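Colleague: predicted model, plus sequence, below.
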Amino acid sequence: MTSNIAGSIQDLIENPEVKKLTDNITPELMERRSYQPPVCSVFSLPYTFLKDNADYRFDIDKEAARQLPRIIGNKVQSVSGLDSPDENFMGNYHEKRNIGVVFSGGPAPGGHNVIAGIFDAAKKSNPDTKLYGFLEGPDGIIENEAIELDVSRVDAYRNLGGFTMLKTGRTKINSAEKMAKVKETCKALDMDAIVIIGGDDSNTNAAFLAQELFEEKIQVIGVPKTIDGDIQVKDSNGKILCAMSFGFHTAARAYSNDISNLCTDGSSDVKYWHICKVMGRVASHLALEVGLQTHANITLVGEDLADYVDQSRIEKARAENTVDYNAYGMTLRHLSRLICDGIVRRAAVGKNYGTIIIPEGILESINEIQMFIIKLNAIISDYNKTHDTDFHSDFPVLEDKLEYLRRLARQFRESGVIAIWNERDNDLFNDIPEFFQEGLLTERDSHGNFQFSKVETDRVIMGLVMDYLDILKEQGGYRIGIQRRYYRKTLAKEGLDPDFYGPALFENYLQGEYLILKESIISLKTLKHTLESEGCVHDEEVPKAVEKIYNLSIPVFKTQRHFYGYDGRGNDPTRFDCIYSYNLGLTVFSLIANGATGQMAAIKNLEHDFGKWEPIGIPIGPLMHLEERKGKLMLVLEKSLVDLDSPAFRIFEAFREKWLAADAAADNYRRPGPVRFAGKSEEDRPITLVLNALGLS
Ligand code: FBP
C-alpha cells in the first residue's frame with residue numbers, strides 16, 4: 001500500500017504548522033501564564049503592617065488552650081498598607097529570609113498562584129530571600145526534599161491548575177519523631193518560615209507546627225485550600241472572616257459545565273437519568289453550588305437529610321407514650337423513596353429522564369451508615385491499640401474482616417457483656433451489598449477520615465431506588481404520562497374513537513394534559529381484561545394502537561453514572577480563584593514580614609466586589625475543637641457544613657420544586673458554560689457566596 005503523505009514523516013514533523021499543532025504550549029496556556037491578577041488596595045503601597053482587630057471573639061476549647069499555649073492568644077489581624085515606615089520597621093521588613101512552602105492534601109485550583117504571590121512579594125522585599133518548595137506534601141518537610149523556586153519555575157505555573165509544581169501528599173506530622181525530623185530540616189535550610197497550603201487537617205498541622213517551632217522562632221502560616229469549600233471561618237458571633245477556601249469556585253464551575261451538558265443531552269435523547277456524584281467528602285457545599293449553577297432536577301444536600309425529622313413517627317410515638325429515636329435523621333430507604341417520588345412524578349408528565357446530583361459524602365448524613373462508620377472506626381482503632389498492629393494488614397480481604405466482626409458479635413452473645421458490635425449490627429451489616437461493606441471497611445486516610453471517594457455512594461443509593469421503582473412499576477404506580485394529543489392522534493390513525501377507549505384506559509381521562517394508565521393495568525393480559533370488563537373489546541384482540549399506548553406507558557428506568565471529582569480538582573482556575581489565591585500569597589508574605597505565626601492567611605469580604613476585599617490573618621488555635629478520629633478524640637479544625645438557614649440554601653430550597661420540573665412545561669436547566677479565562681463568561685464568584693451576601697445585607 002502506498003502512503004498519501006507527501007515527503008517523509010520526518011519532514012512533516014519539522015513543518016512549522018505541525019510543530020505548532022503538536023506543541024504543549026497552547027494560546028490559552030500563554031495567556032494564563034502572562035496574566036497578572038489585580039491586587040487588593042493595601043498591596044499597592046510599598047509596605048504592609050498588621051493591626052490586631054478586637055471586633056472578633058472566639059470560644060476557646062480548653063484542650064486547644066492546653067495543647068497550643070503559644071498561639072492560642074493570637075488575635076485576628078488586619079493587613080494594612082503603609083507608605084513610609086521608620087528605619088527599624090523597614091529593616092525587619094526587608095530582612096533576607098528563607099521561606100518554605102508546601103502543598104498538603106488534595107489539589108485545588110489556585111495553589112500555584114499562592115506560591116506566585118508569596119514569591120513576588122518576598123523577592124520584591126528582598127531579592128536575596130529564598131523560597132523553597134517542599135516536594136510531595138508534608139513528607140517533603142520531614143525528609144528534607146525541597147527545591148529552591150526561581151522565577152522561571154514560578155512563571156511556568158502562574159494561573160494554572162493542579163499542584164504540579166511541587167506535587168502534594170496527605171502525611172500528618174503527628175508524632176514526636178516526625179516533628180524532630182521537621183526541626184532537622186528547618187535547621188538544615190535555616191528556615192525562617194513555613195507556609196502550609198492545605199485544608200482543615202493541614203491547617204491543624206500548621207497550628208501544631210507553629211506551637212512546636214515557636215521557640216526556634218520559625219513562623220508557620222496556613223492557607224485555606226480545598227475544593228470541598230468546608231473551610232469557612234466565622235467568629236463566635238457569626239461574623240464572617242473567610243467565606244470560602246480557594247479552589248471551590250473552579251471545581252464547582254467545572255462540574256457545573258459538565259453536568260449542564262448532561263442536562264442538555266438527557267433532555268435531547270430523553271432516555272437516561274444521569275446520576276452525578278460530586279466530590280465533597282463531608283460537606284455538600286459543592287453539590288449545592290452545582291445545583292444552583294445547573295438547576296439539575298434533583299440535588300441532594302447531606303446536611304438537609306441529616307436534619308430531617310419524621311413528624312408522623314413522632315406523633316405515633318407520642319400517642320403511644322414513647323419516644324421514637326429513629327424519627328430523627330433520614331434512613332437510606334427513606335432517601336430512596338424521596339428520589340423515586342421525583343422520578344415517578346416526572347415520568348407522569350412524560351419525562352422519563354433527568355439529572356440527579358449526589359454529594360460524595362452523603363452517606364455520612366444517613367443515620368444507619370453514620371452509626372456503622374463510628375462503630376467500625378472504634379473497632380479498628382481498638383484492635384490496633386490492643387494488638388499494636390494494623391487491622392487492615394492483619395485482615396487484608398473482606399471475608400477476614402467480616403469474620404472478625406462475626407467473632408465480636410459471638411463474644412457479645414456468649415459473654416452477655418454490652419459490646420460495640422452485637423448480632424443485630426452483624427445482621428444489618430450483612431444486609432448491605434458486598435461492595436458497600438468493603439467500602440465501609442476501607443482504610444481511613446492518614447487523618448482518620450472515612451474515604452468517601454472510594455465508595456460507590458451513588459451505586460448504593462441508586463440500587464435501592466431501582467428496587468423500589470420495580471415495586472412501584474408492578475403496582476402500577478410508576479407510569480409514563482401520555483400526551484393527550486398524541487393518544488388521540490394514535491388512535492384516530494387506526495380509525496378508533498379515543499373517547500371510547502380513554503375512560504377505560506386512563507385514571508385521569510377527563511382532566512390533564514398527560515394521561516396516566518390505570519393502576520390495575522400492569523401487563524398486556526390485564527390490559528385486555530380491563531378493556532373487556534369495560535365493554536371496549538369482546539372476543540377480539542386489543543387494537544394495535546391501544547397496545548402501542550400501553551407499551552409507551554410502561555417505563556424503562558435507565559441510568560448513566562458519572563463521578564465529578566478529580567477532573568474538577570485539576571481544572572485551571574477561574575479568574576476568581578486566580579485573583580483570590582494570588583492575593584492570599586501576598587497576604588502570607590505580609591504576615592511573615594510582620595512576625596506572625598499560627599495564623600491562617602485569608603481575605604475578608606470575598607462575598608463582595610473585589611474593591612471590598614480585605615487581607616487578614618486568622619488565628620488557627622482558637623478555631624480548633626475536639627473531634628473523633630480513628631476512634632480517638634483529637635484536636636482538629638472544625639469543618640464548616642452547609643448552613644440550612646443560609647440564604648443560599650433557603651433559595652435553593654424555594655426553587656427545588658421548580659427545578660424538578662414535574663409538570664408539562666419545559667425543564668428549567670441553566671447553562672453556566674465552561675470555565676473561560678478571558679471575556680465576560682461566568683459569575684465572578686460562587687453563586688452561594690453572592691446569595692448569602694445578598695440575603696444577609
Ligand atoms: P482536601 O480536603 O484535602 O482538599 O481534599 C478534598 C477531596 O478532593 C475530597 O473532595 C475527596 O473526598 C478527597 O479529596 C479525595 O481524596 P484522595 O485524593 O485521597 O482520593
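Modeller: Good, I have the coordinates.

Colleague: separation between the closest residue to the ligand within the stretch 551-697 of the chain and I358?
Modeller: The nearest approach of the stretch 551-697 of the chain to the ligand comes at R569, 5.5 Å away (CB to the nearest ligand atom). Heads up, the C-betas are built off the backbone N, CA and C, glycines and all. Distance of R569 to I358, given as CB to CB, to the nearest Å: 18 Å.

Colleague: dump the residue contacts of the closest residue to the ligand within the stretch 351-500 of the chain.
Modeller: Nearest to the ligand in the stretch 351-500 of the chain, going by CB to the nearest ligand atom, is S453, at a distance of 4.0 Å. Listed by CB atoms under 8 Å, 6 or more residues apart in numbering, the contact set of S453 reads M279, R281, E360, G565.

Colleague: sorry, back to before: more neighbours: which of R569 and I358?
Modeller: Neighbours per residue, other CB atoms under 10 Å: of R569 and I358, the larger number sits with I358, 26 against 22.

Colleague: pretty sure that one is touching W273, no?
Modeller: No: in this structure I358 lies outside contact range of W273 using CB atoms under 8 Å: 11.6 Å.

Colleague: which parts of the chain sit against the ligand?
Modeller: 105-106, 108, 199, 226-228, 279-281, 360, 452-453, 569 (CB under 6 Å from any ligand atom).

Colleague: now with 5 Å?
Modeller: Counting by CB under 5 Å from any ligand atom, the positions of the chain adjacent to the ligand are G105, G106, G199, T226, D228, M279, R281, S453.

Colleague: how many other residues sit next to the fourth one?
Modeller: Residues within reach of T226, counting by other CB under 10 Å, total 30.

Colleague: counting by contacts, list what the strand or helix carrying Q211 packs against.
Modeller: Under the criterion of DSSP states H and E, Q211 resides in helix 200-212. Applying 3 or more CB pairs under 8 Å, 6 or more residues apart in numbering; DSSP states H and E, one finds that helix 200-212 contacts helix 176-189, strand 193-198, strand 219-224, strand 632-637.

Colleague: pLDDT averaged over the longest one - what is it?
Modeller: The reference is to helix 176-189. Averaging pLDDT along helix 176-189 yields 96.

Colleague: same deal with the last one?
Modeller: Per-residue confidence for strand 632-637 averages out to 88 on the pLDDT scale.

Colleague: ditto for the second one
Modeller: Summarised as a single mean, pLDDT over strand 193-198 is 97.

Colleague: in its sheet, what does that strand sit against?
Modeller: If you go by DSSP bridges, strand 193-198 pairs up with strand 98-103 (parallel), strand 219-224 (parallel).

Colleague: deepest of those strands, which one?
Modeller: Among the strands paired with strand 193-198, judged by mean count of other CB atoms under 10 Å, the one packed with the most neighbours on average is strand 219-224 (a mean of 29).

Colleague: check which element follows that strand along the chain.
Modeller: Per DSSP H and E, the helix or strand that comes after strand 219-224 is strand 233-234.

Colleague: average model confidence for that next one?
Modeller: Averaged over strand 233-234, pLDDT sits at 96.

Colleague: name the element G133 belongs to?
Modeller: Going by DSSP H and E, G133 is part of strand 130-134.

Colleague: and the contacts of the following helix or strand past that strand?
Modeller: Sequence order places helix 138-142 as the next helix or strand after strand 130-134, per DSSP H and E. With contacts defined as CB under 8 Å, 6+ apart, helix 138-142 is touched by 100, 102, 104, 133-134, 145-146, 166, 169, 171-173, 178, 181-182, 185, 194, 196, 202, 205.

Colleague: and if you look at stretch 435-446?
Modeller: Residues contacting stretch 435-446 (CB under 8 Å, 6+ apart): 170-172, 369, 372-373, 376-377, 380, 392, 398, 401-402, 429, 432, 450-451, 454-456, 459-460, 630.

Colleague: now, those that are in helices?
Modeller: Judged by DSSP state H, these include 369, 372-373, 376-377, 380, 392, 398, 401-402, 429, 459-460 as members of helices.

Colleague: what's near enough to touch the residue nearest in space to the middle of the chain?
Modeller: Taking CA atoms, centre = their mean as the criterion, G280 is the residue nearest the geometric centre of the chain, at 2.1 Å. Residues near G280 by CB under 8 Å, 6+ apart: D228, G229, D230, L286, A287, P359, E360, G361.

Colleague: ok, how many other residues are close to the third one?
Modeller: It refers to D230. If we define neighbours as other CB under 10 Å, then D230 has 26 of them.

Colleague: am I right that it is in contact with E638?
Modeller: No: if you go by CB under 8 Å, D230 and E638 don't touch, sitting 9.1 Å apart.

Colleague: helices of the stretch 251-400 of the chain, start to end?
Modeller: Ranges of helices within the stretch 251-400 of the chain are 285-294, 302-306, 311-319, 332-348, 367-387, 391-394, 398-415, based on DSSP state H, counting those that start in this stretch.

Colleague: okay, domains of this structure per the record?
Modeller: Listed by automatic domain parsing, the domain ranges of the chain are 1-25, 35-79+97-246+573-637, 248-471+559-568+645-696, 483-553.

Colleague: deepest in the core, which of those domains is it.
Modeller: Burial of those is given as mean neighbour count (mean count of other CB under 10 Å); domain 35-79+97-246+573-637 ranks first at a mean of 21.

Colleague: from the chain's centre, how far out does that one sit?
Modeller: 21 Å (CA atoms, centre = their mean, to the nearest Å).

Colleague: that one: end-to-end distance?
Modeller: By CA to CA, to the nearest Å, the extent of domain 35-79+97-246+573-637 from end to end equals 34 Å.

Colleague: ok, now stretch 64-80?
Modeller: End-to-end distance for stretch 64-80, by CA to CA: 29 Å.

Colleague: for stretch 667-687, same thing?
Modeller: Start-to-end, stretch 667-687 (CA to CA) is 21 Å.

Colleague: what's it in contact with?
Modeller: Contacts of stretch 667-687 (CB under 8 Å, 6+ apart): 28, 31-32, 35, 159, 229, 244, 248-250, 252-254, 256-257, 260, 263-264, 267, 289, 292-297, 351, 571-572, 574-576, 606-607, 610, 648, 658-659, 661, 690.

Colleague: now do 6 Å
Modeller: 249, 253-254, 256-257, 260, 263, 267, 289, 292-295, 574, 576, 658-659, 661 (CB atoms under 6 Å, 6 or more residues apart in numbering).

Colleague: hmm, back to that, just the angle between the helix holding Q211 and helix 176-189, please?
Modeller: Relative orientation of helix 200-212 and helix 176-189, computed by axes from the mean of the first three to the mean of the last three CA atoms, to 10 degrees: 70 degrees.

Colleague: any idea of the angle helix 200-212 forms with strand 632-637?
Modeller: Using the same axes, to 10 degrees: helix 200-212 against strand 632-637 is 90 degrees.
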